[in-house]
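Colleague: Return atomic coordinates for the entry below.
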Amino acid sequence: MENEQSSLFDFCIDNMAANELNAIGKWAKRVSLIFGVLIAIVVLFIAFAGVTAKYFLQDALPQNVGELIGNGSLGIILPVVALVIGLILMLYINLLYKFGNNLIKATTYQDQNALEEGFKSFKTYLIVTGIFSAIGAISNLFTFLN
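Modeller: The predicted structure is shown next:
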């Protein structure tokens, strides 16, 4: 009895599956572009509102942080932190955009390399999503326990 093993790369994608993958790619690009624009708007809003935010946050924060705000440092710190967080989120959203772009390219031109690169980007996107989810769950747990 022969032990036949088939490679994963020997399968063919029919037209229906290619159309579905193409639609998934288009939606991934749309979602990433929408979230990219929203992230940019929020970062710009925080950057421009950093100076006025210190007046609203001064009473809500502990006294040692209130002294930092009183010195005017929050007007610089808040936009820088927003910019760093925005940059991290843009790199994160870029993974979804690359997935969608490569998926469309793979289905349009029947390019195996683009399909592989797209799924690599999606794998990294899902790993980062899991990390963000774990951080959020731990943060919620600590908030609940306090």
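Colleague: from here on, contacts and neighbour counts on C-alpha atoms
Modeller: Noted.
Colleague: Give me the next element, helix or strand, following the helix or strand hosting Ile77.
Modeller: Using DSSP states H and E, Ile77 sits in helix 74-109. Downstream of helix 74-109, the next assigned helix or strand under DSSP H and E is helix 112-145.
Colleague: Please tell me how far that next one is from the chain's geometric centre.
Modeller: Mean-position distance between helix 112-145 and its chain equals 9 Å (C-alpha atoms, centre = their mean, to the nearest Å).
Colleague: which helices and strands sit right next to it?
Modeller: Packing partners of helix 112-145 (3 or more C-alpha pairs under 8 Å, 6 or more residues apart in numbering; DSSP states H and E): helix 74-109.
Colleague: Please tell me how far the helix holding Ile77 is from the chain's geometric centre.
Modeller: From the chain centre to the centre of helix 74-109 is a distance of 6 Å (C-alpha atoms, centre = their mean).
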